[in-house]
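Undergrad: Curious how this folds, go ahead:
(chains A and B)
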There are 2 protein chains.
Amino acid sequence: MEKVKVGLIGFGNIGTGVVKTFQHNAEKINEEVGKKVELVKIADKDVTTPREVEIDSELLTEDYREILNDPSIDIVMELVGGVDPAYKMIKEALRKGKNVVTANKDLLAKHSAELIALAQEKQVALAFEASVGGGIPLIRTIRDSLAANNINYILGILNGTSNYILTKMYDEPDMSFEEILVQAQELGYAEADPTSDIEGYDAANKAAILASIAFGQKITLDDVYTEGITRITPRDITYTSELGYIIKLLAVIRKMINGVEVRVHPVLLPEDHILSSVSDVINTVMFDLDLVGNTMLHGPGAGALPTASSVLSDVIEIAKHLHNKKVPRFLTPYTFDREKEIVSMDDVVSGYYIRMQVYDRPGVLATVGSVFAKYDVSIAVVLQKESNIGGWVPLIVLTHPIKDAPMKKALEEIKQHDEILRGDPFYIRILDV
Amino acid sequence: MEKVKVGLIGFGNIGTGVVKTFQHNAEKINEEVGKKVELVKIADKDVTTPREVEIDSELLTEDYREILNDPSIDIVMELVGGVDPAYKMIKEALRKGKNVVTANKDLLAKHSAELIALAQEKQVALAFEASVGGGIPLIRTIRDSLAANNINYILGILNGTSNYILTKMYDEPDMSFEEILVQAQELGYAEADPTSDIEGYDAANKAAILASIAFGQKITLDDVYTEGITRITPRDITYTSELGYIIKLLAVIRKMINGVEVRVHPVLLPEDHILSSVSDVINTVMFDLDLVGNTMLHGPGAGALPTASSVLSDVIEIAKHLHNKKVPRFLTPYTFDREKEIVSMDDVVSGYYIRMQVYDRPGVLATVGSVFAKYDVSIAVVLQKESNIGGWVPLIVLTHPIKDAPMKKALEEIKQHDEILRGDPFYIRILDV
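TA: This is a model prediction of the structure:
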């Protein structure tokens, strides 16, 4: 039986999942490929800490170059994560004519165009199914299954940690964001440093990758407008629920006449929207397509074994196609050579949910109303649920759709009215698709 | 630019969708393939009835052999539907070395193994993404994206018409099954002859195809235990709702220690089950996998353009891989050569919802209880919601999980007790996964 040899750089959590998969599902993998796929070398700077998997110590090395310099290895899996040193490792691997499989969203959201061009120059594959959506097959679905469609938009719940926290805020209306975050950390659903998850950067990395592939433009993290979920309070949960909405951190990637919108921020979804029911750490991506209409993929967006499933799907595909050390060009067909046209956030249109802490006295609404009118912000709903004559109360305003720029100007001007307002107004956009 | 020529047999509803797609999305298709994909011939026995698409009359022919005999055509799309004459057409096409793309579930549920073997012998592709799930990419997802996983089970809402009817029965509790069916026919959601949809055969065809691919066994329609939805009444909707369940027509494909369960029948799903919220004509398939866990695909299971999307995804894949008139073996990798092991329905274990029309008098429960006890059927819930002393009332029983064979024997025996019973007991299985 023909053999395909594979090396692994990065023996952490996901790397361990990949090694387990090679051990447990070898028969399935070999059967799919029609060749024997062998994991022959594992590199990590730490080769001594015990992992949850038995491994022949001869496979281990501290020097990743042992993998790159082994001419018998055709496929290298990079599971180190982070931009450096993974960037250097992948470039070296591609230059040496290795096919590369990676799950590295941070790296791809920065350097995908360059790395893909290098892979194409070297006639090898660069595959990254695991970089977005964990075990959910998004990249390949766009590339193969939906290939005949033009994509209108993609909506994605792409970060499990923030979706878990938001879900819990609905389940536990008396707990603050901070309390729920601590609980999530204790349960292992949030990392010790949760910044990337709760500030939206993790989802933004994934959105940049999806947007690049969907629209053939070199879209990087810097192009993604990003807001996190840290300012959402139990009051917002209560009020939006009463108004018939659910708050989700959503990636919105959308083809408009003047370019592509790529943004990650909290949104209000109507309760009966199909994405509203996606709870806990689950990821879900909805595509709107010119032929299919709406279709949706749903599953675990993280975790060692789901991610290993996607890594191995890439390894299997490359191994199948490998012939005389070459793979066909169309295994890495993404060329991001369309002119980049990103819609400025100023021009993005949404309705707004606005929560302000105002002084409970006559004339407040008149002031708010006149500022909004000045910027053509049309008010749909005003809610003052509590009463505290002479004190501070939350005032909720829902607006009709309006561009971001005038809305933000209106909010800036309202902030000047400290005779009626305490603190900054807080807003969440209402999903407009 | 290199050219790939394509012929279409069958210019009906889906054929028209495919022609439209070739016209509107030519640029996208050619870009994906990196070659010019041309539709050069369309065969149909009726070439005169106007379609919703403008077409050069020179492309049309009444003789499908014009396509098969044209050596310049590499890919043939069979969209005639039904077993005959499509079976003959596809065999002829494969024998002549054409790659074949089909959406024909009836044909594949009967002859897939033979046709796939023929394609492999001739070194051409037989592709059928559109045969299951319309615009939802199921076949390719199993083949490529989930390839490293062993599949534990697949649950599918695979028939839009029956799902639409069941959804309406919840929305309109005063309308009978028959009234809703007539309405669905008027709205175009059910065909003039709805038998295949409402009796479960359409879903059973799709289940046979999915099961064959998932488990590498030659599973045909005859192997699929099939029940439809025609005996479900508004009372069942009301009672199951009160008990916290939703009725769905589900395909269950499941690997057990003693073989594969392949069955299509109504089930009671807990209200909070993710498949319970799938309404109207939408199709949804949930996979349970050894690496990924649960993942779900959701979208339009029928319709001309969604189906065209899947047909074209196959055409694009074959066109990409075509090289010197050959495609690689792994484009049609399914060999159903594992020994067929289907779990007998007698051995399938479920809880049961049973509705009986009984005489409202003392002793009835004792009779029912003693018959159930004789067959070791353990009762979980008994509900008699109405009272009609001396007359007939519905009696609802929910059982604990039990094999099909003893359950059916118990129901047979209860049927003999015509002193307490009017009509046959009606049952629905409770989903057990």
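Undergrad: Would you map the strands across the stretch 1-150 of chain A?
TA: A:3-9, A:36-43, A:60-61, A:73-78, A:99-102, A:126-127 (DSSP state E, counting those that start in this stretch).
Undergrad: what about the fifth one, average pLDDT?
TA: The predicted model gives strand A:99-102 an average pLDDT of 98.
Undergrad: Name the residues that touch it?
TA: Around strand A:99-102, the neighbours that count as contacts under C-beta atoms under 8 Å, 6 or more residues apart in numbering or on different chains are A:74-79, A:86, A:90, A:93-94, A:108, A:115, A:119, A:124-128, A:130-131, A:311, A:314-315, A:318, A:322, A:327. Heads up, the C-betas are built off the backbone N, CA and C, glycines and all.
Undergrad: Can you give the strand pairings for that strand, parallel or anti for each?
TA: strand A:73-78 (parallel), strand A:126-127 (parallel) (DSSP bridges).
Undergrad: Could you dump those strands into TSV with mean pLDDT added?
TA: Converted to TSV, the strands paired with strand A:99-102 look like this (pLDDT from 0 to 100):
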stretch	mean pLDDT
strand A:73-78	98
strand A:126-127	98
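Undergrad: Dump the ones you listed into JSON lines; add mean neighbour count as well.
TA: JSON lines is the format used below for the strands paired with strand A:99-102 (neighbours: other C-beta atoms under 10 Å in any protein chain shown):
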{"stretch": "strand A:73-78", "mean neighbour count": "26"}
{"stretch": "strand A:126-127", "mean neighbour count": "26"}
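Undergrad: any chance of those strands in JSON lines, with distance to A:Phe177 too?
TA: Formatted as JSON lines, the strands paired with strand A:99-102 follow (distance: least, C-beta to C-beta, whole Å):
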{"stretch": "strand A:73-78", "distance to A:Phe177": "35"}
{"stretch": "strand A:126-127", "distance to A:Phe177": "37"}
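Undergrad: for those, which one sits closest to B:Glu172?
TA: Taking C-beta to C-beta, strand A:126-127 is the member of these nearest to B:Glu172, at 49.4 Å.
Undergrad: can you tell me which of the strands of the stretch 1-150 of chain A comes nearest to B:Pro333?
TA: strand A:36-43 (15.0 Å).
Undergrad: Quickly list the domain ranges of chain A.
TA: Taking automatic domain parsing as the reference, chain A has its domains at A:3-134+A:304-331, A:144-300, A:348-430.
Undergrad: For B:Glu31, find the nearest of these.
TA: domain A:144-300 (8.5 Å).
Undergrad: Quick one: end-to-end length of the closest one, please.
TA: The first residue of domain A:144-300 is 21 Å away from its last residue (C-alpha to C-alpha, to the nearest Å).
Undergrad: hang on, the earlier thing: make a ChimeraX selection of whichever of the contacts of strand A:99-102 turn out to be buried.
TA: In ChimeraX, a selection of the buried entries from the contacts of strand A:99-102 looks like this (16 or more other C-beta atoms under 10 Å in any protein chain shown):
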select /A:74,75,76,77,78,79,86,90,93,94,108,115,119,124,125,126,127,128,130,131,311,314,315,318,322,327
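Undergrad: The contacts of strand A:99-102 in helices, which ones?
TA: In helices, judged by DSSP state H, the following of the contacts of strand A:99-102 are found: A:86, A:90, A:93-94, A:108, A:115, A:119, A:311, A:314-315, A:318.
Undergrad: Now compare those and name the two farthest from each other.
TA: Using C-beta to C-beta, the ones in helices among the contacts of strand A:99-102 span at most 18.6 Å, a distance reached by A:Ala86 and A:Ile318.
Undergrad: Dihedrals phi and psi, A:His265?
TA: phi -160, psi 160 (degrees, to the nearest 10).
Undergrad: Any idea how many residues pack against the closest residue to it other than its chain neighbours?
TA: In space, and not counting its chain neighbours, A:His265 is closest to A:Glu227: 3.8 Å by C-beta to C-beta, 6 or more residues apart in numbering or on different chains. Neighbour count for A:Glu227, taken as other C-beta atoms under 10 Å in any protein chain shown: 19.
Undergrad: What ranges does the stretch 301-433 of chain A have for its helices?
TA: In the stretch 301-433 of chain A, the segments counted as helices under DSSP state H, counting those that start in this stretch are A:304-321, A:364-374, A:404-416.
Undergrad: So for B:Ser212, which of those sits nearest?
TA: Going by C-beta to C-beta, the one of those nearest B:Ser212 is helix A:304-321, 20.0 Å.
Undergrad: Report the mean confidence score over that closest one.
TA: The average pLDDT for helix A:304-321 rounds to 97.
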